[in-house]
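Undergrad: Quick one, structure for this:
(one chain, ligands or ions: 2)
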Amino acid sequence: MDKLLIEGGARLSGEIAISGAKNAALPILCAALLTAEPVTFTNVPRLNDIATLLRLLEQMGVKVSRDGDSVTLDAAGVNNPLASYEMVKTMRASILVLGPLVARFGEARVSLPGGCAIGARPVDQHIKGLQAMGAEVKVEHGYVHAKVPRLKGARLFTDMVTVTGTENLMMAACLADGETVIENAAREPEVVDLANCLVAMGARISGAGGDVIRIQGVPALHGATHRVMPDRIETGTYLCAAAVTGGEVRLTGTSASYLDAVVDKLMDAGCEVFAERDAVRLKAPARLNAVSLRTAPYPAFPTDMQAQFMALNAVADGTAVIRETIFENRFMHAVELQRLGADIKIDGNTAFVKGVAKLQGATVMATDLRASASLIIAGLVAEGETIVDRIYHLDRGYEKLEEKLTALGARVSRIR
Ligand SMILES: CC(=O)N[C@H]1[C@@H](OP(=O)(O)OP(=O)(O)OC[C@H]2O[C@@H](n3ccc(=O)[nH]c3=O)[C@H](O)[C@@H]2O)O[C@H](CO)[C@@H](O)[C@@H]1O
Ligand SMILES: C=C(OP(=O)(O)O)C(=O)O
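TA: Ligands and ions are numbered 1, 2, ... in the order given. Reported below is the predicted structural model:
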């Protein structure tokens, strides 16, 4: 199993390009199932999650061609609307094939994604929405089996804000008979990016980015070309990495506009952040201030940046209070950060992080994607060597991580 070796203490400086967003690319690639015409996507990151999804789509009969960051999908010959446990177990986002398959083929069998390290993550809201649109949905033998001659437009209300739930139902509604209204919709930029792609494919959607999305169903969608938005979480992760090392970096091909809550906290921590046209620049102070935060759905502070800010607070002046309100088990990085010398106390969904003068390198274990990122950030500023074990989590969501960090002056290498 690959590990990452980090020699701490280097100040990050320079410029790197940010990749396309994993969490936008995954639903957008699934949208290709909604049409029999080829769809081309650009700025698709080279990540294990993307490779897994492309394999899953291929198993269903989708023709996949990839050229650099461009992917063309042709779902004309889909003959197997099945997402097996073997594929789904490695990636929860596979549930995003459910809505498009039911909408276009009137039937789908998708393995239940099951729990994962950060929480139980049920898909009851996805199922409830499809049922409200007339689908007969059974959960049996670990599979969601949905069937309907044609989905009907409906008024949908989700019990909580769910990102992939909103995306699944929005895709399903594109081919439904009549109007669907999704209330309490997720407002994440990735939902808007998906809506823009669907509109380019002929869907009639309004309100994406707000909490009520209206979709007028159409009989068929057509081919299109769509560029995936930049990864705001990758952007935020490199900003945190630069911040803890007292560095100065410029991240290109991205925008601060998706990151207001994160940029706000970085500025509270004492960083200067400059929003440029297609880039973000950060200049860190010699010592950071602790910043408290509470995760919540967009536009509030993203749960996917919580772990990285725990690492930042571990070396800041003062005590930060971090509240995680989205996932019930997303503090696993705390124990590993403690191995590096961080002073963190957990009480339920609240972490109290008291900044220390120095972290010390140690061997730590990555438990999930963003936990891995937080350990790397801590390793960059720790004294001596840090080895991060189980970095396959990172390969799910960070393109060319070692290459990008090395370009910024970090001393990191992969041990195979
Ligand atoms: C591929 C992708 O885009 N992943 C992101 C997406 O995950 P994902 O879409 O899975 O997360 P959700 O927004 O659905 O989850 C929010 C909360 O709702 C709960 N819930 C959700 C659906 C449901 O049917 N029932 C239910 O109880 C979840 O357990 C969680 O507590 O949004 C999360 C929250 O911003 C991010 O951390 C993930 O990176
Ligand atoms: C939790 C994440 O991803 P996923 O929903 O794919 O598990 C993430 O991107 O931080």
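
Undergrad: use CA for all of it now, contacts and neighbours both
TA: Fine.

Undergrad: gap between whatever residue of the stretch 301-416 of the chain ends up closest to ligand 2 and ligand 1?
TA: Distances from the stretch 301-416 of the chain to ligand 2, computed as CA to the nearest ligand atom, single out D304 as the nearest residue at 4.6 Å. In this structure, D304 lies at 5 Å from ligand 1, with CA to the nearest ligand atom, to the nearest Å as the measure.

Undergrad: likewise R214?
TA: Counting by CA to the nearest ligand atom, the separation of R214 from ligand 1 is 19 Å.

Undergrad: So that residue: helix, strand or coil?
TA: Local secondary structure at R214 is given as strand here, using DSSP: H, G, I helix; E, B strand; the rest coil.

Undergrad: What pLDDT does the model give the residue nearest to it when sequence neighbours are not counted?
TA: If the residues on either side of it in the chain are set aside, R214 comes closest to V181, at 4.6 Å by CA to CA, 6 or more residues apart in numbering. Looking at V181, its pLDDT stands at 98.

Undergrad: Next: G61.
TA: pLDDT, G61: 97.

Undergrad: Count the neighbours of D2 for me.
TA: 12 (other CA atoms under 10 Å).

Undergrad: I387 is in contact with that one, correct?
TA: No. Because the distance of 10.3 Å does not satisfy CA atoms under 8 Å, D2 is recorded as not touching I387.

Undergrad: Residues of this protein that sit close to ligand 1?
TA: Contact residues (CA under 6 Å from any ligand atom) of the chain with ligand 1: 23, 93, 120-126, 160-165, 303-304, 326-327.

Undergrad: Which members of these are positioned in strands?
TA: The members of the residues of the chain next to ligand 1 all map outside strands under DSSP state E.

Undergrad: so the residue lying closest to T350 once chain neighbours are set aside bridges to which residues?
TA: The shortest distance from T350 to any residue other than its chain neighbours is 4.5 Å, reached at R323 (CA to CA, 6+ apart). Beta-bridge partners recorded for R323 (DSSP bridges): R294, T350.

Undergrad: Return the residues in contact with R323.
TA: By CA atoms under 8 Å, 6 or more residues apart in numbering, the contact set of R323 is L293, R294, T295, N349, T350, A351.

Undergrad: Which single one of the residues you listed is nearest to I233?
TA: Taking CA to CA as the measure, I233 lies nearest T295 of the contacts of R323, at 13.6 Å.

Undergrad: Now do T295: how many residues are near it, please.
TA: Applying other CA under 10 Å, we find 19 residues neighbouring T295.

Undergrad: i'd like the first residue to be 25 from this point on
TA: In the new count, where the first residue is 25, that last one comes out as T319.

Undergrad: And it, how close does it get to ligand 2?
TA: Between T319 and ligand 2 the computed distance is 13 Å (CA to the nearest ligand atom).

Undergrad: so that residue makes contact with E348?
TA: Yes. The criterion here is CA under 8 Å, and T319 meets it with E348 at 5.2 Å.

Undergrad: which neighbours do those two share?
TA: By CA under 8 Å, 6+ apart, the residues touching both T319 and E348 are T327, Q330.

Undergrad: Please enumerate the helices of the chain.
TA: Secondary structure of the chain (DSSP state H): helices at 46-55, 72-84, 109-112, 122-129, 148-156, 187-198, 213-224, 256-268, 284-292, 330-338, 356-363, 393-405, 416-421, 425-431.

Undergrad: out of those, nearest to I239?
TA: Per CA to CA, nearest to I239 of the helices of the chain: helix 187-198, 6.3 Å.

Undergrad: what residue ranges in the protein score low on pLDDT?
TA: Scanning the chain for pLDDT under 70 picks out no residues.

Undergrad: Spell out which parts of it neighbour ligand 2.
TA: The chain comes close to ligand 2 at residues R116, A117, D328, L393, R394, as judged by CA under 6 Å from any ligand atom.

Undergrad: count of residues packed around the third one?
TA: So that's D328. D328 has 19 neighbouring residues, counting by other CA under 10 Å.

Undergrad: list the contacts for it?
TA: Counted by CA under 8 Å, 6+ apart, D328 has contacts I257, R394.

Undergrad: and what of the second one?
TA: Applying CA under 8 Å, 6+ apart, we find A117 in contact with L50, P51, T188.

Undergrad: same check, this time on the last one
TA: By CA under 8 Å, 6+ apart, the residues touching R394 are D328, M329, A331, Q332, L418.

Undergrad: Narrow these to those that are buried.
TA: Among these, those scoring as buried are D328, M329, A331, Q332, L418 (criterion: 16 or more other CA atoms under 10 Å).

Undergrad: Does the third one touch T391 like I think?
TA: No. In this structure A331 lies outside contact range of T391 using CA under 8 Å: 11.3 Å.

Undergrad: quick one, domains of this structure?
TA: As assigned by the TED database, the chain contains the domains 27-43+254-439, 46-251.

Undergrad: Endpoints of the first one, how far apart?
TA: Think domain 27-43+254-439. Taking CA to CA, to the nearest Å as the measure, domain 27-43+254-439 stretches 5 Å from start to finish.

Undergrad: Extract the CA atoms of stretch 176-184 and return them as PDB.
TA: Coordinates of the C-alpha atoms in stretch 176-184 are reproduced here as PDB (Å, rounded to 0.1, in the frame of the first residue of the first chain):
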ATOM      1  CA  LYS A 176     -44.000  12.100 -13.400                       C
ATOM      2  CA  GLY A 177     -43.100  15.600 -12.300                       C
ATOM      3  CA  ALA A 178     -43.800  16.200  -8.600                       C
ATOM      4  CA  ARG A 179     -43.200  18.600  -5.700                       C
ATOM      5  CA  LEU A 180     -40.300  17.200  -3.700                       C
ATOM      6  CA  PHE A 181     -39.100  18.200  -0.300                       C
ATOM      7  CA  THR A 182     -36.000  16.700   1.200                       C
ATOM      8  CA  ASP A 183     -35.800  16.300   5.000                       C
ATOM      9  CA  MET A 184     -32.300  17.700   5.000                       C
END
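
Undergrad: which of the residues in that stretch are buried?
TA: K176, G177, A178, L180, F181, T182.
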